[in-house]
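S.K.: Sharing a model prediction with you, sequence too.
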Amino acid sequence: MTASTPESAAILSARATRIVLLLGVLATMAAILSWPLWSPAFVPAKPPQSASSTQAPPISSATTPAPPPRPVETVPLAEGTGIRSVLLIGQVESSQQATIRAQTSGIVQDIRVQPGDRITPGALLAVLDDTDQKLALARAQAQLAEARSQLARLEAGTRREIIARRQAELRSAQAREKEATDNLKRASESVRKGAITERALVEAKAAVDDAAGTRASAEAALAEAEAGPLPEEIAAQRANVAAAQAAVHQAQLAVERTRIKAQSSAVVQTRLVSQGDYAQVNAPIVTLIASDRLDVFLALPEDLSGRILPGMPVELSARALPNWRQSLPITGVIPAADAASRRQSIRIALDPAPPGLLAGMAVAGKLDIPLNTPAFVISRDALTLRRDQWFVFAVADGKARQVQVELVADMGETVAIYNDALRRGQDIVVRGGDGLRDGAMVKIVGNAP
């Protein structure tokens, strides 16, 4: 047993030396990585030794170098305005969209367009059967001709032959009256002599009265013929002619409306009838849209209602056009909320519309709203998140001071922060702050751009 003791002691001594060296390396690395947590070097316990063993020298804290200041880059703190970015969702709509309807009834004889066709003003869209409309036109034209004929007779006055006939009728009536008067005289003498009865005298008087009435009618007819038509009669007949003329124009318009035409340049969106359908008045025929005049409608969150004004810029993008991004001002704010979503909408005019963007496509808009909260704007690289709290490191007298801040707005590459302790112009660490601790020694090696 005594012979093996020196060998065991030598083995243990070698192992202890290796352990001490390893612990020294680890302690040095820990001091470099986190010098605020630096502690004196670990001195391992002495292993059992014999008289012939060699003891490893202990590591002393006096031999460990002090950690160097952490190199950092800073930026002077600057005041700024926080921007709240709101993502809006909406769709493209045509600024001019119309449903062409039938203005008269009839069977659809022909459809001249299909969905997707581009049309010009005056292009024929559909044709209706015009049989009923042409019959109504012929009837109106006949009534107009009759009214014009009556007006011509009134304006020409009474013809001479009519006046001569009225004069002859008067003379005949006067002769009959004279004859009846003579017969009455003779009848009176005969009654006085007793040759005839009183009844014959009564009949003679009746004949005189009848002849007088006929003579009076003839005189009135002659006077009317000689005087001609009254101005009121001519005016009334002229009104009848005008009404008949209007009826003819209405009938002609009904015939023209059997040929349904476009009023402006557009693209056919939908066709709503087919050949053989019966189209009543106001029945939809086709839907047209203006593909080159588009508007974007975006829905606003409820908390922004009343805060958005025309002219504010919105950055638009569409999934259907991945390379299209365009910033445009708000054209108008819809003054009422949508009945379904209860949200207010804004309208943005696309003038001109980008190629490939069609009505009905989804569009996203990013609206930047300035905040009234006081803030400092800095690169987001300066922020450090620890235990759900945001911090920045301010440098003063070669030391980093940890400052908790309120994140006012996240603006992408920059952020808006605030803390009463922050001041404009303070140096804030933006690079080299990983693992930095409050009170750590730092060395500013440059200012970040």
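M.R.: Yep, it's here.
S.K.: For the rest of this, base every contact and every neighbour count on C-alpha atoms.
M.R.: Will do.
S.K.: Where does pLDDT dip in the protein?
M.R.: 1-18, 20-66, 156-159, 226-229, 448-449 (pLDDT under 70).
S.K.: quick one, strands of the stretch 251-400 of the chain?
M.R.: Assigned by DSSP state E, counting those that start in this stretch, the strands in the stretch 251-400 of the chain fall at 259-261, 266-271, 278-279, 284-289, 294-299, 313-318, 321-329, 332-337, 344-350, 362-379, 384-386, 389-396, 399-410.
S.K.: Please tabulate those in a markdown table, including the columns mean neighbour count and distance to residue 251.
M.R.: As requested, the strands of the stretch 251-400 of the chain are exported to a markdown table (neighbours: other CA atoms under 10 Å; distance: least, CA to CA, whole Å):
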| stretch | mean neighbour count | distance to residue 251 |
| --- | --- | --- |
| strand 259-261 | 20 | 14 |
| strand 266-271 | 21 | 28 |
| strand 278-279 | 18 | 18 |
| strand 284-289 | 21 | 22 |
| strand 294-299 | 24 | 39 |
| strand 313-318 | 18 | 51 |
| strand 321-329 | 13 | 50 |
| strand 332-337 | 15 | 43 |
| strand 344-350 | 21 | 42 |
| strand 362-379 | 18 | 47 |
| strand 384-386 | 13 | 82 |
| strand 389-396 | 19 | 81 |
| strand 399-410 | 19 | 70 |
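S.K.: Switch the ones you listed over to a markdown table; also include distance to residue 438.
M.R.: Shown next, in a markdown table, are the strands of the stretch 251-400 of the chain (distance: least, CA to CA, whole Å):
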| stretch | distance to residue 438 |
| --- | --- |
| strand 259-261 | 80 |
| strand 266-271 | 67 |
| strand 278-279 | 83 |
| strand 284-289 | 65 |
| strand 294-299 | 46 |
| strand 313-318 | 41 |
| strand 321-329 | 44 |
| strand 332-337 | 50 |
| strand 344-350 | 48 |
| strand 362-379 | 20 |
| strand 384-386 | 12 |
| strand 389-396 | 8 |
| strand 399-410 | 5 |
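S.K.: Among those, which comes closest to residue 305?
M.R.: strand 344-350 (6.4 Å; CA to CA).
S.K.: Residues contacting the closest one, please?
M.R.: 293-302, 305, 328-338 (CA atoms under 8 Å, 6 or more residues apart in numbering).
S.K.: what's the angle from it to strand 332-337?
M.R.: Counting by axes from the mean of the first three to the mean of the last three CA atoms, to 10 degrees, strand 344-350 lies at 160 degrees to strand 332-337.
S.K.: Any chance you could give me strand 344-350 in CSV, C-alpha atoms only?
M.R.: Taking C-alpha atoms only, strand 344-350 is exported to CSV below (Å, rounded to 0.1, in the frame of the first residue of the first chain):
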residue,chain,number,x,y,z
GLN,A,344,-68.0,55.4,-42.3
SER,A,345,-66.2,55.2,-45.6
ILE,A,346,-63.8,57.4,-47.6
ARG,A,347,-63.6,57.8,-51.4
ILE,A,348,-60.3,58.1,-53.3
ALA,A,349,-60.5,58.9,-57.0
LEU,A,350,-58.1,57.0,-59.3
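S.K.: Residue 109 contacts residue 127, correct?
M.R.: Yes. Between residue 109 and residue 127 a contact is recorded at 5.5 Å, counting by CA atoms under 8 Å.
S.K.: more crowded one of these two?
M.R.: Neighbour totals were compared for residue 109 and residue 127, and residue 127 leads with 21 against 17 (other CA atoms under 10 Å).
S.K.: what's the closest non-adjacent residue to the more buried one?
M.R.: residue 259 (4.7 Å; CA to CA, 6 or more residues apart in numbering).
S.K.: Contact partners for that neighbour?
M.R.: Going by CA under 8 Å, 6+ apart, the list of residues near residue 259 reads 124, 125, 126, 127, 128.
S.K.: Verify the contact between the first one and residue 110 for me.
M.R.: No. Taking CA under 8 Å as the contact criterion, residue 124 and residue 110 are not neighbours in contact, 10.1 Å apart.
S.K.: Contacts only, for the most centrally placed residue in the chain.
M.R.: The residue lying closest to the centre of the chain (CA atoms, centre = their mean) is residue 297, at 4.8 Å. For residue 297, the contacting residues are 90, 91, 92, 93, 345, 346, 347, 348, by CA under 8 Å, 6+ apart.
S.K.: From the residues you listed, pick the one nearest residue 355.
M.R.: Out of the contacts of residue 297, the member with the shortest distance to residue 355 (by CA to CA) is residue 92, at 13.1 Å.
S.K.: Could you report the distance from that closest one to residue 361?
M.R.: Separation of residue 92 from residue 361 (CA to CA, to the nearest Å): 5 Å.
S.K.: Also residue 445?
M.R.: With CA to CA as the criterion, residue 445 and residue 361 are 52 Å apart.
S.K.: For these two, indicate the residue with more neighbours.
M.R.: It is residue 361, of residue 445 and residue 361, that has more neighbours when counted by other CA under 10 Å, with 14 against 11.
S.K.: Could I get the phi/psi values of the more buried one?
M.R.: phi -70, psi 150 (degrees, to the nearest 10).
S.K.: Am I right that it is in contact with residue 91?
M.R.: Yes. The pair residue 361 and residue 91 passes the contact test of CA under 8 Å, sitting 5.5 Å apart.
S.K.: Name the residue most distant from the centre of the protein?
M.R.: If you look at how far each residue of the chain sits from its centre, by CA atoms, centre = their mean, the farthest one is residue 193, at 112.5 Å.
S.K.: separation between that one and residue 187?
M.R.: Counting by CA to CA, the gap from residue 193 to residue 187 is 10 Å.
S.K.: do the same with residue 348
M.R.: Taking CA to CA, one finds residue 348 at 109 Å from residue 187.
S.K.: Give me the neighbour count for residue 290.
M.R.: Neighbour number of residue 290 under other CA under 10 Å is 20.
S.K.: Spell out which residues make up each domain of this protein.
M.R.: 5-67, 72-81+372-447, 87-94+290-371, 100-126+259-286, 135-253 (automatic domain parsing).
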